[in-house]
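Enquirer: the sequence and its predicted three-dimensional model are supplied below.
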Amino acid sequence: MSHLPQQVLPSLEQYSKLVLWFGNDTSSWDTSRNFAKKLDEKRCFLVRPMEKQPSPHVALFHGQDLRGIVSQAQPIWHQAITTFASLREDVLSELQNIEKQMAEIPLETNLDTFDHWADQFERLPLYFMTFHGQQSVKVVMEAVEHATYVHDISHVIIDNVQFMMGVFEESRHMDRFWKQDAIIASFRTFATKKNCHVTLVIHPRKERDTEDLTSSSIFGSAKAAQEADNILIIQDKRLTSLRGKKYLQVAKNRYTGDLGVMALEFDKASLSYGQKKKKPNIDKDTVMEDKTNLGTIKGSH
């Protein structure tokens, strides 16, 4: 079943809870999520496709506990998870940097192209958390685990960890280092358990302007650097040297060990950083030949 007949919708309006249970393949999972959008996500629950949870017909044939499987259905809607489509009008009014960076043009002066780039951006499998202000780590972890279950996300970005430092109501007397270690431990466990990549943005400690940032510059204890598989550091030397640059440094690479730096160049139009573009090389022989030809042309006059 890949299409929901229009005539069926009125008969489902009377129900406050709908459980969608299809097969355990990818297409069935996508179909159930599409149906949920039409049937109001807030009242829809999904039975996640797993080997132990096949289609209802197969489960019935093998005598599995249907009531138990249905009772484990998870809600598809979460108040802290939203999509770009829900924020589209807000983005139009705010003109968020993230869409400028994708379009690579200043959208405030190209409003006629906003709908085009919004449509393109909406196709990306991105989800946003709607938290404002400090939240408990328990609430945040519940939200990302829900997104992993329902939306099959493979990468979580937390920007930034310092913003979450006041997250423990039950441990107000715990110092900031312990709080940060607890946050990192929670995300490390989540990443391992759910096989999901996690990127944590942590602001560095204040160092001398003449010194480069290192893994030891990460705010907090050494746990953040120890637990990380990769560490990327943004070095900024523009204020300490006339020819100072901003560059990205790979300070740790657990699996391949390759380290290095990449110069960053700021594009003001798109408000984004990228690898510095190399100037095209001009062959000296070509330059000499052009000058020779130019002299010949002048001589002919």
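Expert: On my side now, so go ahead.
Enquirer: now do stretch 55-75: distance to the chain's middle.
Expert: When distances are taken as Cα atoms, centre = their mean, to the nearest Å, stretch 55-75 is centred 33 Å away from the chain's centroid.
Enquirer: and that stretch, which residues are buried?
Expert: Using 16 or more other Cβ atoms under 10 Å as the test for burial, stretch 55-75 gives 55-56, 59, 69, 73, 75. (Glycine included, C-beta is placed from N, CA and C.)
Enquirer: just those residues: which are in helices?
Expert: Members of the buried residues of stretch 55-75 lying in helices (criterion: DSSP state H): 56, 59, 69.
Enquirer: just confirm the first one contacts residue 21, I think it does.
Expert: Yes. Contact status for residue 56 versus residue 21: in contact at 5.5 Å, counting by Cβ atoms under 8 Å.
Enquirer: can you lay out the ones in helices among the buried residues of stretch 55-75 as a markdown table showing pLDDT and distance to residue 200?
Expert: Formatted as a markdown table, the entries for those read as follows, by pLDDT from 0 to 100; distance: Cβ to Cβ, whole Å:
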| residue | pLDDT | distance to residue 200 |
| --- | --- | --- |
| 56 | 80 | 41 |
| 59 | 82 | 40 |
| 69 | 83 | 36 |
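Enquirer: residue 69 and residue 53 touch, don't they?
Expert: Yes. Between residue 69 and residue 53 there is a contact under Cβ under 8 Å: 5.4 Å.
Enquirer: spell out which residues are contacts of both of these two.
Expert: Shared contacts of residue 69 and residue 53 (Cβ atoms under 8 Å, 6 or more residues apart in numbering): 47, 59.
Enquirer: residue 159 reaches residue 198, doesn't it?
Expert: No. Applying Cβ under 8 Å, one finds residue 159 not in contact with residue 198, separated by 11.8 Å.
Enquirer: show me where this structure has strands.
Expert: 18-20, 44-46, 74-75, 81-83, 127-129, 155-159, 197-201, 230-236, 246-253, 260-267, 272-275 (DSSP state E).
Enquirer: look at residue 159 and residue 198 and report which has more neighbours.
Expert: residue 198 (20 against 10; other Cβ atoms under 10 Å).
Enquirer: from residue 80, how far out is the more buried one?
Expert: Noted for residue 198: a distance of 17 Å to residue 80, by Cβ to Cβ, to the nearest Å.
Enquirer: how about residue 209?
Expert: 39 Å.
Enquirer: the two: which has the busier surroundings?
Expert: It is residue 80, of residue 209 and residue 80, that has more neighbours when counted by other Cβ under 10 Å, with 16 against 10.
Enquirer: and the closest residue to the more buried one other than its chain neighbours, what does it touch?
Expert: Setting aside the residues directly before and after it, residue 80 is nearest to residue 143 in space (Cβ to Cβ, 6 or more residues apart in numbering), at 4.2 Å. Residue 143 makes contacts with 78, 80-81, 129, 131, as judged by Cβ under 8 Å, 6+ apart.
Enquirer: any idea how far residue 136 is from residue 143?
Expert: 11 Å.
Enquirer: same deal with residue 193?
Expert: 19 Å.
Enquirer: between those two, tell me which one has more neighbours.
Expert: More neighbours surround residue 136 than the other of residue 193 and residue 136, with 14 against 10 (other Cβ under 10 Å).
Enquirer: would you confirm that residue 213 contacts residue 232?
Expert: No. Applying Cβ under 8 Å as the test, residue 213 and residue 232 come out as separate, 10.9 Å apart.
Enquirer: what do those two both touch?
Expert: Listed as contacting both residue 213 and residue 232 by Cβ under 8 Å, 6+ apart are residue 249.
Enquirer: neighbours around residue 199, how many?
Expert: 13.
Enquirer: surely it meets residue 160?
Expert: No. In this structure, residue 199 is not within contact of residue 160 by Cβ under 8 Å, at 10.6 Å.
Enquirer: any stretches of the stretch 201-301 of the chain with poor pLDDT?
Expert: Residues of the stretch 201-301 of the chain meeting the criterion pLDDT under 70: 221, 276-301.
Enquirer: good, we can wrap up now.
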